[in-house]
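>>> I need the structure of the sequence given here:
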Amino acid sequence: MVTAQGPVPPMDGHALPLFLLQIGLLLLVATLLGRLAVRLSLPPIVGELLTGVVLGPSVLAPVLPAVHARLFPAAPEQFHLLDAFGQFGVVLLVGVTGLQIDARMARRRKATVARVSLPGFFVPLLLGVGAGMLVPGSLLVEGVERTVFAVFLGIAMCMTAITVLAKTLMDMGLMHRNVGQLILVSGAVDDVLGWVALSAVATMVTSGLQWAALAGTVVLVLVFVAGAALIGSPLVRKVMTGTVERADPGVTLGTAVVIVLVFSVTAHMLGMEAVFGALIAGILIRTSGKDVLTRLAPLRTFVVAVLAPVFFAAAGLRMDLTALADPEVLLTALVLLLVATVGKFAGAFVGAWTSGLGRWEAVALGAGMNARGVVEVVLALVGLRLGVLSTEMYTVIVLIAVATSLMCPPLLRRAVRRIEVTSEEQLRHAEFEATWNSTNELSPAEKA
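Numbers count the residues shown, from 1 in each chain. Now for the predicted structure:
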């Protein structure tokens, strides 16, 4: 006989208020540092990324250890609450990003996307593998084959963080520019390739290289994209346009969130990153028409102003940059940062240049694709879980993630300032403004 279980007990009286305090503190500091970044002619995301570093083990813990221990206790369940909130935010951020991708432009310039994304992936991958073979043995995990570590490091070098790219392009008002669209789509391609490659490394660590498993992952990606285009697209369009007939715009907003979550869960169940499914969902929702997108403007505002800053800030809480006090770790970090930056920039630049793009467009693509951000932090956490990375190498990869994300905005701004605004971009900007009712004006680079 099966007896009914009692109700799940609620969260204890300490965890909930602490969680709310953490969210409020992260959002407050992220907003303040974001405003400071704007005053320094940088996008807000720069301040948001540094929030976790300031409040985490890199700054607050050494300076005020008692305060840090009280605000962010080393309790897994407390961090899991922050992680869940942050993941919800980043999934919606990428979904909102998909709403602003011009799929027609991406299809029209698919050859350019391929020429930019593929060299931008394989050049830093090969350089990273080579560098991994030369990393001092004292920084490696005992018992892990150097080849496996080197391949993992190569994957870390070639990743592009579409979450960071999306927020940066939004902050800088570049989502309507052709170069902004190319950066985002090319970054998404590299992101997918990176996670597929990571799946192969995870298999190598646990049971050796299995080509059948790798081929199966690639097939699943292709099936997912094809199914989204052939089945998901008309279904999403029908559902979303049907919500416009209702007077309550909240129905449209809630339906869009559900669609993004369903695609995210589906992608995750197929072995892909959830954010890839969210990106596909956003692209499909965009085809539903201007009326749908106008109703979703409040969602974009809330995600960009509240959920995304908390996610970027919370990710930094695991970054402990104090390990860089070791000269060997610091030197290794600087060398690998140089290899990562040169490899990613060179790969994207050469791909753009051979595609017939101008010099400054190629520079913009190289600068944008170089941002690794939280994706590389997540990758580093996976490396720790698999036992491929030591604590020192985890810190090195986190440093590369933060440094490349900070490099991206000023280089991108300088390059875009020298790219003439086309009539197509002006029309797209007018469409964005009318659709989103955004208060963002043209960036200084666009006004110049």
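
>>> so where do the helices sit in the stretch 201-350 of the chain?
Secondary structure of the stretch 201-350 of the chain, counting by DSSP state H, counting those that start in this stretch: helices at 211-227, 233-244, 249-269, 274-286, 290-295, 297-302, 308-315, 327-354.

>>> Relative to Met175, how far out is the nearest residue in space to Leu118 that is not next to it in sequence?
Spatial nearest neighbour of Leu118, excluding adjacent residues (C-beta to C-beta, 6 or more residues apart in numbering): Gly351 at 6.9 Å. Backbone N, C-alpha and C define where each C-beta goes, glycine included. Note on Gly351: its distance to Met175, by C-beta to C-beta, to the nearest Å, is 21 Å.

>>> Settle it for me: which of the two has more neighbours?
Per other C-beta atoms under 10 Å, whichever of Gly351 and Met175 has more neighbours is Gly351, with 26 against 23.

>>> isn't that one right next to Ala111, touching?
No. Using C-beta atoms under 8 Å, Gly351 is not in contact with Ala111, being 10.5 Å away.

>>> which residues sit in contact with the closest residue in space to Val59 that isn't next to it in sequence?
Distance criterion C-beta to C-beta, 6+ apart; nearest residue to Val59, sequence neighbours excluded, is Val53 at 6.3 Å. Applying C-beta atoms under 8 Å, 6 or more residues apart in numbering, one finds that Val53 lies in contact with Val59, Gly316, Met319, Leu321, Val402.

>>> Give me whichever of the helices of the stretch 201-350 of the chain is most buried.
helix 308-315 (a mean of 28; mean count of other C-beta atoms under 10 Å).

>>> Which residues does it contact?
Contacts of helix 308-315 (C-beta under 8 Å, 6+ apart): 23, 26-27, 29-31, 34, 44-45, 48-49, 51-52, 55, 82-83, 85-87, 89-90, 93, 163-164, 167, 373-374, 377-378.

>>> Mind checking which of those residues are in helices?
Among those, the members falling in helices (DSSP state H) are 23, 26-27, 29-31, 34, 44-45, 48-49, 51-52, 55, 82-83, 85-87, 89-90, 93, 163-164, 167, 373-374, 377-378.

>>> Would you mind measuring from Ala114 to Ser405?
If you go by C-beta to C-beta, the gap between Ala114 and Ser405 works out to 25 Å.

>>> again but with Leu379, I slipped
Counting by C-beta to C-beta, the gap from Leu379 to Ser405 is 14 Å.

>>> Same drill for the two, tell me which one is more crowded.
Ser405 (27 against 22).

>>> The more buried one touches Val377, doesn't it?
No. Ser405 is beyond contact range of Val377, at 9.8 Å (criterion: C-beta under 8 Å).

>>> Give me the common contacts of those two.
Residues touching both Ser405 and Val377 (C-beta under 8 Å, 6+ apart): there are none.

>>> give me the low-pLDDT residue ranges for the stretch 151-300 of the chain?
163, 199-200, 202-214, 217 (pLDDT under 70).

>>> In contact with the residue nearest to Leu118, which residues?
With C-beta under 8 Å, 6+ apart, Gly351 has these contacts: Arg115, Val116, Ser117, Leu118, Pro119, Gly120, Leu365.

>>> ok, and what's touching the helix or strand harbouring the last one?
I take that to be Leu365. Here Leu365, judged by DSSP states H and E, is contained in helix 359-369. For helix 359-369, the external contacting residues (C-beta under 8 Å, 6+ apart) are 116, 120, 160, 165, 168-169, 179-180, 182-183, 186-187, 190, 344-353, 357, 407-408, 411-412, 415-416, 418-419.

>>> what about that helix, distance to the chain center?
Relative to its chain's centre, helix 359-369 lies at 18 Å (C-alpha atoms, centre = their mean, to the nearest Å).
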